[in-house]
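*Asks:* Could you work out the structure for the sequence below:
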Amino acid sequence: MEDDSAVYLAPHITNQPAAGSSVTGNDYAAASTAGARQHSVFGSEQGAAAASSSSTLSSSSSTAGRLHPIAPALQALLLGWAAQIKKGTSHDDLQQWQMAPFVEAVLQQQSTQYMLHATARLLKCRHEKARGRTRERALMQLEQLCNALESRQPPMTVRLPYCHCVRFPLWPLLKKELAEFYIALGFVGAALKIFESLEMWDQLILCYQLLDKKQVALELVQQRLQVTPDNAKLWCVLGDIQQQDQHYEKAWQVSNRRSARAQRSIGKSALQRKEYSKAAAAYKLALGLNPLYPDVWFALGFCYLKLKDNSNALQAYTKVTQLEPENGEAWNNLAALWLQPSGYKEALHAAEQAIKHKRDNWQTWDNYATAAAKAGAMAACVRGLNKVLELTNGQHLSLDTLSSLLSQLEQENQFLTQPDDSAAAVAAAEAGSATADDEQSEETMDAPEQLLHLLNVTHKLSAEQQQQDNTAQKVSAIAAADTALAARQRTYDQVLSTAGTLLKSAISAPACTHEVWGLLGRWYSLKGELLSSQEAALKQVGKLTAGYTVLAQLTCQL
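*Replies:* Numbers count the residues shown, from 1 in each chain. Prediction:
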């Protein structure tokens, strides 16, 4: 990496378009042809059209090892498409990778314009600072970019071309971005100097707070309040430093009741004092001004839970999951709330989302098992119970959920072992058919004699056709019932086997009580092993007797 930042910024800056570098039909045709080959990479028709210029970098030319030049106008178009991707897609890791080909196409040009290269360099820094491996390199490049722009060279005539064709931040905003990057990496002192030079007092106060220089921050806030006494943010910062709600109230007044920050601070302070009603009122006011704060919605839902207002708590946590779908705690609380009004299917769905994002939390798996047991999903229930026992090292096991699971298994076993009623159903169907035939024969007796022969023939044909249809329907119904019954039997056998493994693990775990032995006895009964069931019952009695003995000894000692 070269030391000269101006050379690093633009290897070969051209003030005027070189010969052959203007946008010609050949350049555009070559770009469009290569763009068709890149369509699968960029993933959209617009991306393929814009990326056509970047693909010409690898096109064959008469001079080996030299890149095909792209005119400055096409370079600006590439950066414009990168900006369009950022504007039109969600802000995630994939977004930066979709922008990367356009940015690299401009950076690899040997001849470019100053502002085009600076914009491409800035976009690459923003991409690399989001990754751990390239974060240090992004910091060095951003520092070099700021130094190059701060230098007097090259002159203004070189910097100005194409400055209105790209989205490049103003100088103070670029320095602010560098200072925020310093804070993210822990270089608070370097960021403090930048904020002080730019007179960004709010960020400067934040730096003092991060450095635990509360007295310096307090003096600076008081000085700034003398200059701007109607600054609601400064009053909120003063309240944070002194931990006094009166400053938040002052911020709410000077902002003409428009400062959501003031109400959020009031709500947070009230929540710390466990004044849930006051905190909920403050959070509602804050969210009415700015509802795009999932953490505030979560805190509001917690306040409603403490106030026993489950309906509003359900709405608050639903809003959290809409704004932040990866919030496992919100999904978990949502599942617990749905269980109370008997919304078992909704609770199971919320619990499934919760375990996706909080797989190492046993409370989440416990709620998942409970919701599955309530919804009748036996396989999901036993899976959740196994996970709870694994994560807690045998310290916790929901016996109520396990008992509910065994009750469902007993009902399922009773259904699967009951006698087949298909013969009775067939007899009933035949009886119904005979009744219909009798009714039709009665109607036939009332007909004139000359029509009897014709009616008898028609009746025989219709009866035969109806009999064939009934037979086909019976066969298909019996086949479908057998298939469903076989699938149900397989599910039952799998769940029963997994539940047995769970119970056998539970009897050797610290969470084992006399109730676990009783549940194991019920499982042995389902398996048809009556001797093992009796032994489990004896173990249950022995465990219970031992518990009473210990209790009696403790009572005597007292």
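*Asks:* With adjacent residues omitted, what lies nearest to the residue positioned nearest the centre of the chain?
*Replies:* Centroid-nearest residue in the chain, with CA atoms, centre = their mean: residue 326, separated by 2.6 Å. In space, and not counting its chain neighbours, residue 326 is closest to residue 357: 5.2 Å by CB to CB, 6 or more residues apart in numbering. The C-beta positions use only the backbone N, C-alpha and C, and glycine is treated the same way.
*Asks:* correct me, but that neighbour touches residue 324?
*Replies:* No: the criterion here is CB atoms under 8 Å, and residue 357 misses it with residue 324 at 9.9 Å.
*Asks:* List the contacts of the residue nearest to residue 326.
*Replies:* 326, 327, 328, 331 (CB atoms under 8 Å, 6 or more residues apart in numbering).
*Asks:* Show me where the stretch 51-200 of the chain dips below the pLDDT cut-off.
*Replies:* Where the stretch 51-200 of the chain drops to pLDDT under 70, the residues are 51-67.
*Asks:* And the helices in it, which stretches?
*Replies:* With DSSP state H, counting those that start in this stretch as the criterion, the stretch 51-200 of the chain has helices at 52-55, 72-88, 93-107, 114-128, 135-150, 156-159, 171-185, 188-198.
*Asks:* which of those is buried the deepest?
*Replies:* helix 52-55 (a mean of 26; mean count of other CB atoms under 10 Å).
*Asks:* Just the buried positions in stretch 392-403, please.
*Replies:* Judged by neighbour count using 16 or more other CB atoms under 10 Å, the buried positions of stretch 392-403 are 392, 394, 397, 398, 401, 402.
*Asks:* Mind telling me the two of these farthest from one another?
*Replies:* 394 and 401 (15.9 Å; CB to CB).
*Asks:* thinking again about what came up before, ok, and the most crowded of the contacts of residue 357?
*Replies:* residue 331 (26 neighbours; other CB atoms under 10 Å).
*Asks:* So for the helix or strand hosting that residue, mean pLDDT?
*Replies:* If you go by DSSP states H and E, residue 331 is part of helix 328-339. For helix 328-339, the mean pLDDT works out to 93.
*Asks:* Equivalent analysis for stretch 282-291, please.
*Replies:* 95.
*Asks:* Can you give me the buried ones in it?
*Replies:* Residues of stretch 282-291 classed as buried by neighbour count (16+ other CB under 10 Å): 282, 283, 284, 285, 286, 287.
*Asks:* Let me know the closest of those residues to residue 382.
*Replies:* Using CB to CB, the buried residues of stretch 282-291 come closest to residue 382 at residue 283, 39.6 Å.
*Asks:* give the contact list for that closest one.
*Replies:* 263, 264, 267, 296, 299, 300, 303.
*Asks:* next one: residue 532
*Replies:* Contacts here follow CB under 8 Å, 6+ apart; on that basis residue 532 touches residue 524.
*Asks:* give the contact list for the residue nearest to residue 318 when sequence neighbours are not counted.
*Replies:* Leaving aside its chain neighbours, residue 318 sits nearest to residue 334 (6.5 Å; criterion: CB to CB, 6+ apart). Contacts for residue 334 were tallied using CB under 8 Å, 6+ apart; they are 314, 317, 318, 321, 350, 354.
*Asks:* does the second one really touch residue 298, like I thought?
*Replies:* Which is residue 317. Yes: with contact defined as CB under 8 Å, residue 317 counts as touching residue 298 (7.2 Å).
*Asks:* list residues touching both of those two?
*Replies:* With CB under 8 Å, 6+ apart as the test, residue 317 and residue 298 both reach residue 330.
*Asks:* higher neighbour count, the two?
*Replies:* Between residue 317 and residue 298, residue 317 has the larger neighbour count (other CB under 10 Å), namely 29 against 22.
*Asks:* what's near enough to touch that one?
*Replies:* With CB under 8 Å, 6+ apart, residue 317 has these contacts: 297, 298, 301, 330, 333, 334, 337.
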